[in-house]
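Asks: Curious how this folds, go ahead:
(2 chains)
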Amino acid sequence: MLDFDKLDKTIHEKGRLSIMTLLATKPSWPFQDLKAELKMSDGNLVTHLRTLHQGGYVAVTKAMLDRPQTSYSLTEKGRAAFQDYLRVLEQIVKAGKR
Amino acid sequence: MNEQERAEEHLKTIRRLMERATIYRAISAPTALVGGLLSLAASFATWVHLNPAVPGTDHKNFYLWLWLLVLVLTAATNTLFIVLGAKKRNEPVFSASMKAALIALAPALLLGAVLTCLLAAADDDPGLYLFQSVIWATCYGLGLLATGHFAPRSLTLLGWAFLSAGIAGFTWMYLDLAGGTTYSFGYGSALPSTLFMATTFGLFHLIYAAGAWPRKGATQEP
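Replies: Below you'll find the predicted structure:
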């Protein structure tokens, strides 16, 4: 019997899941690129990123290039949580097909 | 929506985003523009230099060296744009996507290089230039198509255009030989190969550059 409570509630939200997915594809994502890729408003994206950061899943790097740039990346904890989340999702889908 | 449906929906979202985020454009639009213009210039130079009407022109391997120069200049331009792009995005130059693209391109390009060496060692006759050009277009097209799993649609279309031109070129040569003539434009003429290279490496690249050029406000592919 599957325990749906195993699903990480921090990730189990479409906006945050999308952010975690993108962060899993590259070492680091600038804020503007995340925004363009996900087509989210600044406020919405900032809120989700803050939640993920507070959960210890996302690290923030501020750099001064030709202009200030804030980039985000997955922490070790975040990567492990994302992999666990995927595993549980797959189990749910498999169970549904039986 | 029950939990299973929600899980499926989330997996689809993950898949779609991951596919989109890992798209890699092995040939950028500015590179294609430079390559296309260089190819047109090289085609013109070939046409002028290898014109049989001009007596006494020494064209020993001129065709091969000229197109090798175009290849080197275009590859250098591509490298420059890749380095600048990686620096701008604060990413490593040799990214996982770039390595995957190089691995996908390698077999077809290796075949093209080997066949070119064999042909160059055999003879340097303008009658063989079309054969050489068709091999280049075919191998290049196959190389681009090999990157199809992570390439944008425009690059796959470019691959198909080159492969189709290659197949058409081989068919044309076969029909010419089967018909008893050796290339419609006459043996010893560099004109068929010049036209072929101008159309494929010149025109195709310019059309691709126009279609793939990053537009203001549009989401840019990596």
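
Asks: Which residue would you name as the spatial centre of chain A?
Replies: In chain A, the centroid-proximal residue (C-alpha atoms, centre = their mean) is residue A:20; its distance is 1.8 Å.

Asks: Would you mind identifying the next helix or strand past whichever strand or helix holds it?
Replies: Under the criterion of DSSP states H and E, residue A:20 resides in helix A:14-25. Downstream of helix A:14-25, the next assigned helix or strand under DSSP H and E is strand A:29-30.

Asks: For residue A:9, what are phi and psi?
Replies: With angles defined as degrees, to the nearest 10, residue A:9 sits at phi -70, psi -30.

Asks: Could you check how far it is from chain B?
Replies: Computed as C-beta to the nearest C-beta, to the nearest Å, the residue A:9 to chain B distance reads 13 Å. The way it works is simple: take the backbone N, C-alpha and C, and place the C-beta from them, glycine included.

Asks: Smallest gap between chain B and chain A, at which residue?
Replies: For chain B, the residue closest to chain A is residue B:4, as judged by C-beta to the nearest C-beta, at 3.4 Å.

Asks: With adjacent residues omitted, what lies nearest to the spatially most central residue of chain B?
Replies: Geometric centre of chain B, nearest residue: residue B:140, 4.7 Å, by C-alpha atoms, centre = their mean. Distances taken as C-beta to C-beta, 6 or more residues apart in numbering or on different chains put residue B:162 closest to residue B:140, at 5.2 Å, once the chain neighbours are dropped.

Asks: Give the burial count for that neighbour, as a bare number.
Replies: Neighbour count of residue B:162, defined by other C-beta atoms under 10 Å in any protein chain shown: 24.

Asks: For the helix or strand harbouring it, list every residue counted as buried.
Replies: Using DSSP H and E, residue B:162 maps to helix B:153-178. Residues B:154-155, B:157-159, B:161-163, B:165-166, B:169-170, B:172-173, B:176 are the ones in helix B:153-178 that count as buried (16 or more other C-beta atoms under 10 Å in any protein chain shown).

Asks: Closest to residue B:99 out of those residues?
Replies: The nearest member of the buried residues of helix B:153-178 to residue B:99, counting by C-beta to C-beta, is residue B:155 at 17.0 Å.

Asks: show me what contacts the residue nearest to the centre of chain A?
Replies: When contacts are counted by C-beta atoms under 8 Å, 6 or more residues apart in numbering or on different chains, residue A:20 touches A:11, A:52, A:57, A:74, A:78, A:82, A:85.
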